[in-house]
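S.K.: next input, structure requested:
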Amino acid sequence: MWAQLYARALKVRSRAVRRDAGMVTSEYAMGLIAAVGFAGLLYKVVTSGQVRAALQAVVEKALDVQF
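M.R.: So this is what the prediction gives:
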């Protein structure tokens, strides 16, 4: 008897999980807004003078290596 109740509970739970498996449109929109905001922030940081100079120094050092 307990095994039948347990099996039925698992079956009901698996159906509920399948129905709620994806994101809804509002969740996609919020994720997109967060991604765009993060990309904008990252762009500002990478294009700042200090970071640009550091990246340029790394590239110049890498190009100056003798083989």
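S.K.: which residues of this protein score low on pLDDT?
M.R.: 1-2, 14-23 (pLDDT under 70).
S.K.: so which bits of the host helix or strand of Ser26 are buried?
M.R.: Using DSSP states H and E, Ser26 sits within helix 25-46. Using 16 or more other CB atoms under 10 Å as the test for burial, helix 25-46 gives no buried residues. For every residue, glycine as well, the C-beta is placed using N, CA and C.
S.K.: packing partners of the following helix or strand past it?
M.R.: Sequence-wise, the next helix or strand downstream of helix 25-46 (DSSP H and E) is helix 49-63. Packing partners of helix 49-63 (3 or more CB pairs under 8 Å, 6 or more residues apart in numbering; DSSP states H and E): helix 25-46.
S.K.: spatially central residue for this protein, please.
M.R.: Centroid-nearest residue in the chain: Ala35, 7.9 Å away (criterion: CA atoms, centre = their mean).
S.K.: measure it to Val59 for me?
M.R.: Distance, Ala35 to Val59, by CB to CB, to the nearest Å: 27 Å.
S.K.: before we move on, what about Val36?
M.R.: Distance from Val36 to Val59, by CB to CB: 28 Å.
S.K.: measure how buried Ala9 is and give me the count.
M.R.: Burial of Ala9 is recorded as 10 neighbouring residues (other CB atoms under 10 Å).
S.K.: secondary structure element for it, which one?
M.R.: Per DSSP H and E, Ala9 falls inside helix 2-19.
S.K.: and for Val65?
M.R.: Counting by DSSP H and E, Val65 is part of no helix or strand.
S.K.: where's Tyr28 relative to Ala9, distance?
M.R.: Taking CB to CB, one finds Tyr28 at 32 Å from Ala9.
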